[in-house]
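> Prediction below, plus the sequence it came from.
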Amino acid sequence: MPTVSEIMSTDVQVIGPQETLRSAARLMQELDVGALPVCDGERLLGMLTDRDITVRGVAEGLKPDESCVGDVMSAEVLYATEDQSAEDALQMMGQQQVRRLPVIDNDRHLVGVVSLGDFALRQDGHIDEAMRDISQPTVGGPL
């Protein structure tokens, strides 16, 4: 059974917590991604999603040129470790309804990101159960 390090993407763009929301949104647009790991150097501090910018930033009236990534990022981050089994990471993604996980080493340094796409492209077997779990509406969420 492969480990997370065998299927993860290692060329990961990150953003610092002091960067503005506008610069984060522009970077997401440029990279065509909806999430960025937030790091202080190599150390993972949190995750920033396009939803964080919209719901925690814009909807709350924060100014995109003045407010920082650290103001709206998710600091409680679900992550995988590089030596964790790919199957365990996929199961965790399904249970927690996330499409990507940052991958850290023993010093909490970011070493990659594993996504559903990585599983689809690099791992034998089926990801259908995790995809169903991730796609299930949450209780109290939109229909």
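Noted; the coordinates are in hand. Residues are numbered from 1 along each chain as shown.
> Helix or strand with the lowest mean pLDDT in this protein?
In the chain, the helix or strand scored least confidently by mean pLDDT, DSSP states H and E is helix 128-135, which has a mean of 56.
> wait, doesn't Leu31 sit right on Val12?
No. The pair Leu31 and Val12 fails to qualify as a contact (CB atoms under 8 Å) at a distance of 10.1 Å. C-betas here are computed from N, CA, C, even on glycine.
> which stretches of this structure have low pLDDT?
Low-confidence segments of the chain (pLDDT under 70): 1, 122-143.
> in it, which spans are strands?
Ranges of strands in the chain, per DSSP state E, are 35-40, 43-49, 80-81, 100-104, 110-115.
> who has more neighbours, Leu31 and Val12?
Val12 (16 against 10; other CB atoms under 10 Å).
> What is the end-to-end distance of stretch 63-79?
30 Å (CA to CA, to the nearest Å).
> contacts for it?
For stretch 63-79, contacts defined as CB atoms under 8 Å, 6 or more residues apart in numbering pick out 15-22, 24-25, 38, 44-49, 52-53, 56-58, 62, 92, 96, 98, 101-104.
> Which of the residues you listed are buried, as a ChimeraX select command?
The ChimeraX selection below is limited to those of the contacts of stretch 63-79 classed as buried (16 or more other CB atoms under 10 Å):
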select :15,17,19,20,21,24,25,38,44,45,46,47,48,49,52,53,56,57,62,92,98,101,102,103,104
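> Just send the strands of the chain back as JSON lines, with distance to Val69 too.
Output for those, formatted as JSON lines (distance: least, CB to CB, whole Å):
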{"stretch": "strand 35-40", "distance to Val69": "6"}
{"stretch": "strand 43-49", "distance to Val69": "5"}
{"stretch": "strand 80-81", "distance to Val69": "22"}
{"stretch": "strand 100-104", "distance to Val69": "15"}
{"stretch": "strand 110-115", "distance to Val69": "15"}
